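A.B. asks: how would this look folded up:
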Amino acid sequence: MKTVAIIPARMAATRFPNKPLAKINGVPMIGHIYARTVAEPIFDEVYVATCDKEIFDYVKSVGGKVVMTADTHERCTDRTAEALLKIEEIHDAKFDVVGMVQGDEPLVVPQVFKEAIQALRDDSSLPLVNIMGKIENDEEFNSPNTVKVVIDRWRNALYFSREPIPSAKKYSQDYPKYKQTGMIFFRRDALIEFNSMQPTMLEKIESVDMMRIVEQGGKIKMILTTHACYGVDIPSDIQKVEKVMTNDALFKAYRSKFGI
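C.D. replies: Model (predicted):
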């Protein structure tokens, strides 16, 4: 199974402009994600996809692979789909699986990639899988920056929202709560098909592109990872991530490549 990881990134994020080049322990965030994605030989190719020359130049400067994409994309999935076609043209080959690794998950570990790819290997009927993590506290549950996902008994997505769901208004006992991460692994044709579909009403209401599939009756298998998931959505998230990364074994393994 030929695999490619694509890291979509842009400077014009609404909640955190210039986020990909924001430094975490001295290294731009996009540098962390690229280093962690290539840390183990899991993918046949790893590329950053961006519409910004600043990001393009930085990735090149650290020896990474990068492709330019249009500056009109509103969703990471749209940018990833365009990048895939360009990468396939570069390599004159098609890939079977596209791992979309969003550029705001600076603590991602290779094991998560393995879990996603293995799930697609184990079930050939799955068009895509999305990594999810457990929500550990009320702050995270109530934050609109955290995308919550409700699943069925077979861990297929039922609904995504930035609202705190499932609601606790009429249930006083504890219950599991899950969050979507920025790691979504598509089979190639599933990504191309997704990109050809028009955004749906619920996708726009919730501002979650995976609702495009759910609303049309599609299946999204959610893979629960036991590894901690820390997304960076707003500037104050940087400090939280820096504390965790200080003792992170993977960071210690690659930090010298960045002169840290």
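
A.B. asks: Show me which parts of the helix ranked longest in the chain are buried, residue by residue.
C.D. replies: For the chain, the helix that runs over the most residues, judged by DSSP state H, is helix 76-91. The neighbour-count check on helix 76-91 (16 or more other Cβ atoms under 10 Å) flags 76-84, 87 as buried. Heads up, the C-betas are built off the backbone N, CA and C, glycines and all.

A.B. asks: same deal with stretch 157-169?
C.D. replies: Buried residues in stretch 157-169 (16+ other Cβ under 10 Å): 157, 159-161, 164-165.

A.B. asks: same question for it, mean pLDDT?
C.D. replies: Averaged across stretch 157-169, pLDDT comes to 96.

A.B. asks: what is the mean pLDDT for stretch 174-193?
C.D. replies: Per-residue scores along stretch 174-193 average to 96.

A.B. asks: circling back to that earlier point, which one of the buried residues of stretch 157-169 is nearest to A49?
C.D. replies: Of all these, A49 sits closest to F160, with 22.7 Å by Cβ to Cβ.

A.B. asks: how much space is there between that closest one and Y175?
C.D. replies: 17 Å (Cβ to Cβ, to the nearest Å).

A.B. asks: could the buried residues of stretch 157-169 go into a markdown table alongside distance to I151 and secondary structure?
C.D. replies: A markdown table is the format used below for the buried residues of stretch 157-169 (distance: Cβ to Cβ, whole Å; DSSP: H, G, I helix; E, B strand; the rest coil):
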| residue | distance to I151 | secondary structure |
| --- | --- | --- |
| A157 | 6 | strand |
| Y159 | 9 | strand |
| F160 | 10 | strand |
| S161 | 13 | strand |
| P164 | 16 | coil |
| I165 | 11 | coil |
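
A.B. asks: Which members of the residues you listed are the farthest-apart pair?
C.D. replies: Taking Cβ to Cβ as the measure, these span a maximum distance of 16.7 Å, between A157 and P164.

A.B. asks: Mind jotting down where the helices sit in the chain?
C.D. replies: According to DSSP H, the helices that the chain contains are 29-37, 53-61, 76-91, 110-122, 138-142, 188-196, 201-206, 211-215, 237-246, 249-254.

A.B. asks: Determine which stretch of those helices is the most buried.
C.D. replies: Per residue and on average, the most neighbours among these fall to helix 29-37, with a mean of 24 (mean count of other Cβ atoms under 10 Å).

A.B. asks: wait, what's in contact with R212?
C.D. replies: R212 makes contacts with 194, 197, 199-200, 203, as judged by Cβ atoms under 8 Å, 6 or more residues apart in numbering.

A.B. asks: Then T146?
C.D. replies: So T146 contacts 135, 140, 162, 179, 231, 233 (Cβ under 8 Å, 6+ apart).

A.B. asks: mind redoing it with 7 Å?
C.D. replies: T146 makes contact with 135, 140, 179 under the criterion Cβ atoms under 7 Å, 6 or more residues apart in numbering.

A.B. asks: With distance to V46 added, can I get the buried residues of helix 76-91 in CSV?
C.D. replies: Shown next, in CSV, are those (distance: Cβ to Cβ, whole Å):
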residue, distance to V46
C76, 16
T77, 18
D78, 20
R79, 15
T80, 13
A81, 17
E82, 17
A83, 12
L84, 13
I87, 10
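
A.B. asks: With pLDDT and distance to C51 as extra columns, can I get the residues you listed in TSV?
C.D. replies: Output for these, formatted as TSV (pLDDT from 0 to 100; distance: Cβ to Cβ, whole Å):
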residue	pLDDT	distance to C51
C76	91	12
T77	93	15
D78	92	11
R79	96	7
T80	97	13
A81	96	14
E82	97	10
A83	98	10
L84	98	15
I87	98	16
